[in-house]
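# sequence isn't available, so here's the structure alone:
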């Protein structure tokens, strides 16, 4: 008959410690390969190793972002690090709503605003730019800490895609700015935020004058029409 004991040690036989009920235990957080999502910061071309110590610095503080919250939960559960791949898209994910039904009566050849459409000019929201249904995003890598005041801005997107002859965009150190259409014609424009949260809500842009703006209450996307007519005479 085989020897049955709770501690077998070097003896021959069977070790049996009884049945343990683990039905009420959640256990440790499982190892995961990678999490993808839309974040305020980070590189697009390769996964990033995110820890509790660097999550905020690498991805930007965004507690309302489900992907950001999932990473925080994994790290809080004891996972030492998470591989994160940043993808391009709008805040909250999903498709953009259709361009609103706007009359050209509210169009102008410029829009003036206060606040910043850039990351390091006292704003932590990165933007995409849509022109007549085509979405443009910054292609210049965004380092951290930020060294270029145009990083994440509408202006930098225009530079990256060679659109500076079509539009003039300026921003000054007091937080004022404008976008001016240089070419004759009509352009349907959208400013698309890649995050819905900011640590600087007092710097969030708002319209001053020029083209009328429709701001989507869910996505915070700005929609407006720039229209430049031929000069008379």
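Happy to help now that I have it. Fair warning: this is a prediction, and the values are worked out from it, not measured in the lab. Residues are numbered from 1 along each chain as shown.
# what ranges do the strands span in the protein?
Ranges of strands in the chain, per DSSP state E, are 4-5, 14-15, 35-37, 48-50, 82-86, 110-114, 127-131, 134-136, 167-171, 176-181, 185-193, 206-210, 214-215, 222-228.
# closest one to residue 199 among those?
When the strands of the chain are compared by CB to CB, strand 185-193 sits nearest residue 199, at 13.9 Å. In short, each C-beta sits where N, CA and C put it, glycine included.
# nearest the middle, which residue of this protein would you pick?
Taking CA atoms, centre = their mean as the criterion, residue 194 is the residue nearest the geometric centre of the chain, at 3.3 Å.
# how close does the residue lying closest to that residue once chain neighbours are set aside sit to residue 224?
With sequence-adjacent residues excluded and distances taken as CB to CB, 6 or more residues apart in numbering, residue 194 is closest to residue 126, at 4.7 Å. To residue 224, residue 126 is 20 Å away according to CB to CB, to the nearest Å.
# the two: which is more packed in?
residue 126 (27 against 23; other CB atoms under 10 Å).
# low-confidence ranges in the chain?
Flagging of the chain using pLDDT under 70 yields the residue ranges 1-33, 45, 88-95, 118-124, 142-149, 173-175, 196-197, 232-233.
# select the longest helix from it.
helix 66-76 (DSSP state H).
# tell me what it is packed against?
Counting contacts by 3 or more CB pairs under 8 Å, 6 or more residues apart in numbering; DSSP states H and E, helix 66-76 is packed against strand 35-37, helix 55-59, strand 82-86.
# residue 230: what's it in contact with?
Residue 230 makes contact with residue 184, according to CB atoms under 8 Å, 6 or more residues apart in numbering.
# kindly report the same for residue 183.
Counted by CB under 8 Å, 6+ apart, residue 183 has contacts 165-166, 228.
# residue 34: which of those residues is nearest?
residue 166 (38.0 Å).
# the closest one contacts residue 182, correct?
Yes - counting by CB atoms under 8 Å, residue 166 touches residue 182, with 6.0 Å between them.
# isn't residue 225 up against residue 190?
No - applying CB under 8 Å as the test, residue 225 and residue 190 come out as separate, 10.4 Å apart.
# what's the closest of the contacts of residue 183 to residue 42?
Using CB to CB, these come closest to residue 42 at residue 166, 29.4 Å.
# can you tell me the closest non-neighbouring residue to the closest one?
Closest residue to residue 166 apart from its sequence neighbours, by CB to CB, 6+ apart: residue 183 at 5.5 Å.
# measure that neighbour to residue 65 for me?
Distance from residue 183 to residue 65, by CB to CB: 37 Å.
# likewise for residue 157?
As judged by CB to CB, residue 157 and residue 65 stand 22 Å apart.
# now residue 212
Taken as CB to CB, the span from residue 212 to residue 65 is 30 Å.
# higher neighbour count, these two?
Between residue 212 and residue 65, residue 65 has the larger neighbour count (other CB under 10 Å), namely 24 against 16.
# mind giving me the PyMOL select for the contacts of residue 183, buried ones only?
Buried members of the contacts of residue 183, identified by 16 or more other CB atoms under 10 Å, are gathered into one PyMOL selection as follows:
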select buried, resi 228
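# wait, residue 62 touches residue 68, no?
Yes - the pair residue 62 and residue 68 qualifies as a contact (CB under 8 Å) at a distance of 4.5 Å.
# quick check: neighbours shared by these two?
residue 39.
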